[in-house]
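Student: What follows is a predicted protein model with its sequence.
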Amino acid sequence: MTTPSTHFDILGLPRRYHLRPEEIEDRYHAAAREHHPDRHMRSDAQKRVSSALFTAQLTEAYRTLKDPVRRAEYLLKLEGIVLSDERSGHKVDPTFLHEILELREGLMEARMEGDEARIAALGSDVRERQARAMSDVDRGFARYDTGETTVLRELADALVALRYYRRFLDELEAHEEAQLEERSS
Amino acid sequence: MSGGLFQINEPGESQAKEKCETMRVVGIDLGTTHSLVATVVGGIPRCLPVDATGERLLPSVVEYFEKQPLVVGAQALADAAARPKDTIVSVKRFMGRGPSDAEVSRRFTPYEFASQSGPVVRFRVAGGKEVTPIEVSAEILRRLRQRAEEEMGGPVDGAVITVPAYFDDAQRQATKDAGRLAGLEVLRLLNEPTAAALAYGLDKRSEGTYAVYDLGGGTFDISILKLTSGVFEVKSTGGDTALGGDDFDRALAELFLKKLGKSEITGEAQGEGRRLLQLARRLKHELTDEETATTMLDGQAVTVTRAEFEEAIAPVLVRTGGPCRRALKDAGLQPKDLDGVILVGGATRTPAVRRFVRELFGREPLGDIDPDQVVALGAAVQADLLAGAGPREDAPLLLDVTPLSLGLEMMGGVVEKIIPRNSPVPTGVKQTFTTYADNQTGFDLHVLQGERETAAQCRSLGRFLLKGIPPMPAGMARLEVTFLVDADGILHVMAREEVSGKEASIDIKPSYGLTDEEVERMLLDSYEHAEEDVKTRLLVEMRVEAERILQATRAALAQDGARLLNAEERAAIEEALARLDAAEKGTDHHAIRQATEALDHASQEFAQRRMNEQLGRAMAGRSVGDVESRLEK
């Protein structure tokens, strides 16, 4: 974990967004077969430690690149674009924030009233928004992959939105799971 | 790795021994109810007999006596009801657990626990001896090792020991310590469902995605694995380390009491609890094939039908559903995407379990390898692979995951995740911390494991005290800390100061595991504990804890006290603070503990208000694992 190379370099993949999942997995498997500590059980302590550390790097690269949203965020980071969050102090579009707040309030109300139909409706609304943002990201990165690096700045908003949608859906899915468990017990 | 890197625990250091060409290696399934040892002979894994009758299952029971040597296995099991306090069964449920864990106070549990047991539970057995779960487990492992050595005609060079996939760091550490204590070179801790998949995969040459549903005596695991040529990749795992066939016995025991019109067990209460559980277990086995089963209790015949039994255990089965759905979701799969479901563990013989799994996954589960043996067989295969590692390029590789998220405690007790659950292992994260005060020379990192939002709801892995940072203005020091979870699922922490290149050292206060010195001491003197040692250790632990809460409370008061507290509330906290400050300077660890608890109690409401604020702020999207973070403590 001390080399400054990118996750793409580590797995021997081109620095692009559109990659086939099998391609990423195959690279990871091949590299792990070579570097995993299980392959170096007979080596000296130094070698085993470095193989564990390198495999941890492989793991981090695989975990980041196999998920399309994380992969997109990582590409932005490589291009020096910091997503707006509380740490960077960057302001998120207030109109969008207002929408999210309303959605969250809606979810909170529906949960208090036990209005499962409304919860389900909110869920499909946010899933639709998520799918739209995702296809914006997909389309934008298609341009990036062909060399148009300036497009990335436009994608930051969509990626920030995806974070908020993910959080919303995590909460909603936790609620659905709790309901399911209550019903089956 | 350059010179300034310090390690408190070098990964893989325990395997430093020179390996000779012909190694005798075994796989061990250290189970809640019984344990097995297996080895690969001529390419085929086999379980070894554990007694003269050729039995493969060694009951995981250890019986202690005042004046004669302890007994492990069937004989100990036979005496369990008659000598409940001196006979330890299901010790696995206590591994890596502290005196305040729920397991210790469960109904029908007959043990006597040592009162001042520090972070680790101790059983008080015959003759006032105190033994830890690690020592009890080591006796089981030692017995298996001896049997294997008799069978294989020479010393065992290495062992793979299996653990439930959902075991946390403390439970893994405890298992590894037990192995070391039993004189075993622990090559690897292997997750039980992964071991089972390995046994199946190699046996059937299967490819595809499988779910392994593993309901053992005391633990439940679900793992989703993808088997491709040469790589077994675990996609996700989930479970419950306090859920298993034992719970069926408990449900049946409750049913007996109900039928007898009793609510509590009376008389020789502790022995009675053990006897009830044993009767329950016998009936459970009968009900696997029969529609009704009868037993004599208090001179009355008690009959239980299979339907009643299934109704009684339904709540236990339902609890396995959540982890299964979550594991599928984490793997990004639907039940229809699976190529098969594998059943592991003795409890999956119960027809209701098979039915439940069939409904949950919408397919008939596979169970054609003996569910009692399959884990040990897989462990033997892995031991064989590891012993031969290097030259065999075609040997399959296991890629497992960490079952629980790893996080750091931040201001206000909120946990920030640094390694999410289901990350492949080994896995690591590097974080850079900086000082918040001028000339600050150290700080404290609290590492936790679990999925909840606050430190109090997660399991504490340990506090790392980073010391020896050279004096610099606030924010100048750059301390790079590497958290590495190794292939056994055990955490290692390494740190270095980047600006000065000077050494920063780490002290760990382990919440559970044993240090090398402790293992050594136990090896030398297994049964007697130097009273003074225990007291000194307790005192040190209490002081560290007191110091931490003192500092945290003072910092919190300085920051938010004026805003969130009225004068009366503030005075109450400050009084508790002063009391702890005074107690901490003394040598009475009881007094320090009491004062710590009192301060904790007095500041609870304040902490809650601060946490609400924090959570409010944390609602905004924030990326996990940002490299740069500032520790504000």
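Tutor: Structure's in. What do you need?
Student: Can you spell out which helices and strands pack onto the lengthiest helix in chain A?
Tutor: If you go by DSSP state H, chain A has its longest helix at helix A:152-184. Judged by 3 or more Cβ pairs under 8 Å, 6 or more residues apart in numbering or on different chains; DSSP states H and E, the packing partners of helix A:152-184 are helix A:68-78, helix A:94-113, helix A:116-145, helix B:306-330. Yep, even glycine has a C-beta here, placed from its N, CA and C like the rest.
Student: and the longest one with chain B, contact?
Tutor: Meaning helix A:116-145. No. For helix A:116-145, no contact with chain B is found by Cβ under 8 Å from any Cβ of the partner chain; the gap never falls below 12.7 Å.
Student: and that helix, average pLDDT?
Tutor: Across helix A:116-145, the average pLDDT comes to 94.
Student: re earlier: of all the helices and strands packed on helix A:152-184, which lies closest to residue A:156?
Tutor: helix A:68-78 (6.4 Å; Cβ to Cβ).
Student: That closest one vs chain B: in contact?
Tutor: Yes. Applying Cβ under 8 Å from any Cβ, one finds helix A:68-78 touching chain B at residue A:73.
Student: How far away from the center of its chain is that helix?
Tutor: Relative to the chain's own centre, helix A:68-78 is displaced by 8 Å; criterion: Cα atoms, centre = their mean, to the nearest Å.
Student: Need the CA coordinates for it. PDB is fine.
Tutor: The C-alpha trace of helix A:68-78 is given here as PDB (Å, rounded to 0.1, in the frame of the first residue of the first chain):
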ATOM      1  CA  PRO A  68     -19.800   1.200 -11.300                       C
ATOM      2  CA  VAL A  69     -20.600   4.100  -8.900                       C
ATOM      3  CA  ARG A  70     -17.300   3.600  -7.000                       C
ATOM      4  CA  ARG A  71     -15.400   3.300 -10.300                       C
ATOM      5  CA  ALA A  72     -17.000   6.500 -11.500                       C
ATOM      6  CA  GLU A  73     -16.100   8.400  -8.300                       C
ATOM      7  CA  TYR A  74     -12.600   7.100  -8.400                       C
ATOM      8  CA  LEU A  75     -12.100   8.300 -12.000                       C
ATOM      9  CA  LEU A  76     -13.300  11.800 -10.900                       C
ATOM     10  CA  LYS A  77     -10.800  11.700  -8.000                       C
ATOM     11  CA  LEU A  78      -8.000  10.700 -10.400                       C
END
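Student: contacts for that helix?
Tutor: Residues outside helix A:68-78 that contact it (Cβ atoms under 8 Å, 6 or more residues apart in numbering or on different chains) are A:6-7, A:15, A:17, A:19, A:63-65, A:83, A:134, A:137-138, A:141, A:144, A:152, A:155-156, A:159, A:162, A:166, B:623.
Student: can you pull the pLDDT of the residue nearest the centre of chain A?
Tutor: Centroid-nearest residue in chain A: residue A:70, 3.0 Å away (criterion: Cα atoms, centre = their mean). Looking at residue A:70, its pLDDT stands at 92.
Student: now do the one 3 residues further on
Tutor: In this model, residue A:73 is scored at 91, pLDDT.
Student: Tell me which residues touch residue 172, please.
Tutor: Let's take chain A. Contacts of residue A:172 by Cβ under 8 Å, 6+ apart are A:107, A:119, A:122-123, A:126.
Student: Correction: the question concerned chain B.
Tutor: Counting by Cβ under 8 Å, 6+ apart, residue B:172 has contacts B:96, B:163, B:189, B:488-490.
Student: one more time with 6 Å
Tutor: B:163, B:189, B:489-490 (Cβ atoms under 6 Å, 6 or more residues apart in numbering or on different chains).
Student: Residue B:568: neighbour count?
Tutor: Counted with other Cβ atoms under 10 Å in any protein chain shown, residues neighbouring residue B:568 total 7.
Student: returning to what we had before: if we go by neighbour counts, what in the longest helix of chain A is buried?
Tutor: A:152, A:155-165, A:167-169, A:172, A:175-176 (16 or more other Cβ atoms under 10 Å in any protein chain shown).
Student: can you check stretch B:249-266 too?
Tutor: Neighbour counts using 16+ other Cβ under 10 Å place B:249-257, B:265 of stretch B:249-266 among the buried residues.
Student: Ok, stretch B:322-336 next?
Tutor: Neighbour counts using 16+ other Cβ under 10 Å place B:322-328, B:330-331, B:333 of stretch B:322-336 among the buried residues.
Student: Would you convert those into JSON lines that also reports distance to chain A?
Tutor: Below are the buried residues of stretch B:322-336 laid out as JSON lines (distance: Cβ to the nearest Cβ, whole Å):
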{"residue": "B:322", "distance to chain A": "6"}
{"residue": "B:323", "distance to chain A": "11"}
{"residue": "B:324", "distance to chain A": "11"}
{"residue": "B:325", "distance to chain A": "7"}
{"residue": "B:326", "distance to chain A": "7"}
{"residue": "B:327", "distance to chain A": "12"}
{"residue": "B:328", "distance to chain A": "12"}
{"residue": "B:330", "distance to chain A": "12"}
{"residue": "B:331", "distance to chain A": "12"}
{"residue": "B:333", "distance to chain A": "13"}
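Student: List just the nearest of the residues you listed to residue B:122.
Tutor: Using Cβ to Cβ, residue B:323 comes nearest to residue B:122 of the buried residues of stretch B:322-336, at 30.6 Å.
Student: So the closest one is in contact with residue B:241, correct?
Tutor: No. The criterion here is Cβ atoms under 6 Å, and residue B:323 misses it with residue B:241 at 10.9 Å.
Student: Now for the two: what residues contact both?
Tutor: Taking Cβ under 6 Å, 6+ apart as the contact rule, residue B:323 and residue B:241 touch no residue in common.
Student: What's the first helix or strand after the helix or strand containing residue B:45?
Tutor: Applying DSSP states H and E as the criterion places residue B:45 in strand B:44-47. Next helix or strand after strand B:44-47 toward the C-terminus (DSSP H and E): strand B:58-59.
Student: so how far is that next one off the chain centroid?
Tutor: What separates the centre of strand B:58-59 from the centre of its chain is 21 Å, taken as Cα atoms, centre = their mean.
Student: what's around residue A:49, how many residues?
Tutor: Residues near residue A:49, counting by other Cβ under 10 Å, number 24.
Student: what mean pLDDT would you report for stretch B:46-62?
Tutor: 94.
Student: and it, how far apart are its ends?
Tutor: For stretch B:46-62, the first and last residues are 25 Å from each other (Cα to Cα, to the nearest Å).
Student: For that stretch, buried residues please.
Tutor: Residues of stretch B:46-62 classed as buried by neighbour count (16+ other Cβ under 10 Å): B:46-50, B:56-62.
Student: Please compute how far it lies from its chain's middle.
Tutor: For stretch B:46-62, the separation from the chain centroid amounts to 25 Å (computed by Cα atoms, centre = their mean).
Student: Mind picking the two most distant members of the contacts of residue A:172?
Tutor: A:119 and A:126 (10.8 Å).
Student: State the phi and psi torsions of residue B:53.
Tutor: phi -80, psi 0 (degrees, to the nearest 10).
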